Each structure stands twice: as C-alpha cells, then as structure tokens.
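[1] Whatever this is, show me its structure:
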Amino acid sequence: MKIYLAKPISGYSYEQIVNYYIQTSDILKSCGYDVLYPMIGKSYLRNEMKFKAEGYDNPVSTNHAITERDRWMVSISDIMYADLTESKFASIGCIAELAWGHDKGKHTLVSMEKDNIHRHAFILEMADIIFETHAESMEYLQTLGNRKIEIDRLNL
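    Residues are numbered from 1 along each chain as shown. Reported below is the predicted structural model:
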C-alpha cells in the first residue's frame, strides 16, 4: 500500500522537515507501507535555513516541477496523509495535495488541532478522517497497515 505524506514546509529548515519525514516514513515502512513525500531526491536543498514557498532554480524544484511531481505522487498513492499539526502558516501546498487526493478518491487523512489555522469547511469535507494529533493518525495508520509497533518510544 502506498501512502503520500504532506507537512507544511515553508518557514522551516531542511533539517526540521527531513527529520520529520524520515521519522514518520520509518514508522510507516515498518508497517508495510511504500512511502512517498515531497522531499525525496532533494538533498541538494540541505543548506536551506528556511524554505520559501516558490522561486527555486533547480530543475527538480521549479514551481512547475514541484507541483507536477507532488500531484503525480498523490495520484499513485492509496492514502494521502496531511499532518497540519503545529502549523505556523497556512500551507497552500498541503491543501492542494489534499484536494488532489480527495478528487482522485484516495483515502484522505488529516491531523490538526481544533484551533488549527487550516480549519476550514473545505478541509473538513475533503478529509475522510481528522485526528487532533499526529500520534493518533500514526496509530490508525499502523492498524490499517496491519502491523503495530510501540508508538510511545517514538516521541510523537
């Protein structure tokens, strides 16, 4: 089963984002998932102190390239998971990915607090399931993936 992970990126450092994706991906892989996310193959961005929303020159990170690649990865996935918890800013990219997943009939899962900046009728309707924490979503995904690991040790 393939899963696409989305997390707000703008305003965060390369290290913060990649650490999140690696930790989350490792858990899901141990449950049998094939994991896709926007930072795969983008180690050339490792010197970014703070990601911006647009304007990269690398052919893999032009505005068009990131949009089309992320849309393609959502389209080949079975599940689209957007972790919007602790968002500093609204993430247009995550919401576009959620919309693509919803439109393609993917199982859409969102994590966000009750007072999250993304709380909007469209998000509430596009998500099949909404959990308030990333840990709750991970527990659900472990059950769906049919393998349970000890989540307490993961500091989620």
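
[2] In this structure, spot the helix with the most residues.
    When the chain is parsed with DSSP state H, its longest helix is helix 14-30.

[3] so what strands line up beside the helix or strand following it?
    Downstream of helix 14-30, the first helix or strand assigned by DSSP states H and E is strand 34-36. Paired with strand 34-36 in the same sheet, following DSSP bridges, are strand 2-6 (parallel).

[4] list the buried ones in the partner strand?
    3-6 (16 or more other C-beta atoms under 10 Å). The way it works is simple: take the backbone N, C-alpha and C, and place the C-beta from them, glycine included.

[5] Okay, and Ala82 sits in which element?
    Using DSSP H and E, Ala82 falls in strand 79-83.

[6] oh sorry, the question was meant for Ala90
    For Ala90, there is no enclosing helix or strand under DSSP H and E.

[7] Could you spell out the sheet neighbours of the strand holding Ala82, each with its direction?
    Assessed with DSSP bridges, strand 79-83 is paired to strand 2-6 (parallel), strand 107-111 (parallel).

[8] Just send those strands back as a markdown table, with mean pLDDT too.
    A markdown table is the format used below for the strands paired with strand 79-83 (pLDDT from 0 to 100):
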| stretch | mean pLDDT |
| --- | --- |
| strand 2-6 | 98 |
| strand 107-111 | 98 |
